[in-house]
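S.K.: Here you go, sequence then predicted model.
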Amino acid sequence: FRLIFDGLDEVPYELRDEMIDSLKRALNQKNKVIISCRLKDYDDNFVNIHNYRLKELTDDQIKTHLKPFYNEDAPVVFKQKIKQEQNIHDMAKNPFLLDIMIEIMESDPEKVLPPNKGELIEKYVKIIIKKSRKDKINIPNIEKDARDIFLGLVAFYMTEQGTLTCYSDDRYVIRNEWLSIRDQLDSNDKIDSILQKAEAERLLKSSSSDGHIEFISPLIKDYFAAYYIKSIYYKGDKSIGEKVEELFEYTKWDDVISLLVGIVDKESSNNIMRLLINLDLSFAAHCFSMVNHINTKTKELFFTKHANCIKKQNLWKHTLNLIIALGKSRSEHAIEPLIQLMKNCDHHYVLNEIGNALEKIESKAKVSYLIELLDNKRNEDFLLSAVSVLGETKSEDVVIPLIELMKNCDSRNVLRRIGNALVHIESKVKVSALIKLLDNRRSEDFLSHAVFALGETKSEDIVIPLIELMKGCGNSTVLEKIGEAL
């Protein structure tokens, strides 16, 4: 047999240790066992087993998923609607979020997709509710606020209990809480009617109105829990901030909080972000991609807090965790903090990690920051990291700055890195600029890497200049490189 235990993260927290012990006993049997769990809830409790992480969708798989809806236009839709915005592109790698995007694009092809997860799910919920009315599905007439706050109450309770399902005993607790909230809303809507409506609108699974309650996805559950916090505790920023601070003590609320910063207004979002910066810089960095606007006050606090932490704490542990979190956010908001870190850092390992983080962020905004950094021309490690990131952008805008750096550089490693960076960039400007460089005829390293970059262009325009260089060259290494290039 192959025993499959799906959804370890769905087991209530108070039962999880007992469940893990049971699973460990199952692992000792002769049968093969597969255990699945959401990544953030996996604590590596099992030894001597193989761990696998499900891959995100590739660009080709996203296009294939779009094809039944857009036929031959699928690549165009991918390029114009998904690929151009970093956050949207990252969200599309999740199959469920990609389905949500398709639903939104199908309902209104002219609209731009929401840039963060909270707004994306919020838009999706509005669309499927509107669609159910249009399709004249036979469902009770329930006020929107009553339905959303009740579903929020259910989602909040589920998260509090660490489960994805509410059973009959749970419904009794929820019912009593709902009765007090309902009076405040001046609503007479009954639980059964709300559940029937939410089920018909495909927010809940089909057994929810007469059995246990379960959302169609954990993400929908997290969204409604965030909506509940926004609606019930939104009696001033201090109140909602106090609730976030209280919930932040428990990791089970992380996904809810990260969605919350995307669905409240900009001022409240920045207030929550400043609170998170004071509580945990790395988690705040993770939330950068969830916020649609970060103001100057929030950015300044981030930089100040980070600088103070470096003075007080271990530089390695704190800074590296922060850099990794900023890179994982893949947010344009993360570029400026990473550049600030780069400016003030001289350690090769940290600079390398900053470079890796910046490479994850597909935004043209980083190009101008990095080009400006090249003027500093500090140490070799600094230049190596900056040149690598510029090369990965494949932007024609970086060609001239890289060649200017090449002219005034004597470091063999940096020259090699510039040559490799230029290889990634397809540009006619690059060919003419590199040919002009050959007239300098400086060091062996300089000529070798300039010739290498020219050779990789495979352009006919380089033949005569290379042969001219060959005529007046007595260096065997450079001659060998010219031969390889030709």
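M.R.: The structure has been received and is ready for your questions.
S.K.: what residues are up against the closest residue to H333 other than its chain neighbours?
M.R.: Nearest residue to H333, sequence neighbours excluded (CB to CB, 6 or more residues apart in numbering): F288, at 4.4 Å. The C-beta positions use only the backbone N, C-alpha and C, and glycine is treated the same way. By CB atoms under 8 Å, 6 or more residues apart in numbering, the contact set of F288 is I294, L326, S329, S331, H333, A334.
S.K.: F288 and I229, how far apart?
M.R.: Distance of F288 to I229, computed by CB to CB, to the nearest Å: 20 Å.
S.K.: Kindly report the same for W253.
M.R.: Distance, W253 to I229, using CB to CB: 9 Å.
S.K.: Need the overlap of contacts for the two.
M.R.: With contacts taken as CB under 8 Å, 6+ apart, the residues that reach both W253 and I229 are L247.
S.K.: wait, doesn't L39 sit right on R53?
M.R.: Yes. In this structure, L39 is within contact of R53 by CB atoms under 8 Å, at 6.6 Å.
S.K.: Contacts only, for K364.
M.R.: Neighbours of K364 in contact, by CB under 8 Å, 6+ apart: T393, S395.
S.K.: Mind doing that once more with 7 Å?
M.R.: S395 (CB atoms under 7 Å, 6 or more residues apart in numbering).
S.K.: separation between it and K458?
M.R.: The value you get for K364 to K458, if CB to CB is used, is 26 Å.
S.K.: One more: I174?
M.R.: In terms of CB to CB, I174 sits 67 Å off from K458.
S.K.: likewise Q86?
M.R.: Using CB to CB, Q86 is found at 31 Å from K458.
S.K.: between the two, which one's more packed in?
M.R.: Between Q86 and K458, counting by other CB atoms under 10 Å, Q86 is the more crowded of the two (20 against 8).
S.K.: my read: that one touches G327, true?
M.R.: No. When contacts are counted by CB atoms under 7 Å, Q86 is not listed as touching G327 (11.9 Å).
S.K.: Tell me the secondary structure of F46, please.
M.R.: For F46, the secondary structure call by DSSP: H, G, I helix; E, B strand; the rest coil comes out as coil.
S.K.: Now do it, the pLDDT please.
M.R.: At F46, the model reports a pLDDT of 78.
S.K.: Just give the number of residues close to it.
M.R.: 16.
S.K.: cool, and L276?
M.R.: 25.
S.K.: how near is it to S282?
M.R.: Counting by CB to CB, the separation of L276 from S282 is 10 Å.
S.K.: any idea how far the closest residue to D410 other than its chain neighbours is from Q196?
M.R.: Nearest non-adjacent residue to D410, counting by CB to CB, 6+ apart: S443, 7.0 Å away. Between S443 and Q196 the computed distance is 79 Å (CB to CB).
S.K.: between those two, who's got more neighbours?
M.R.: Applying other CB under 10 Å to S443 and Q196 shows that Q196 carries more neighbours, namely 19 against 15.
S.K.: All set, thanks.
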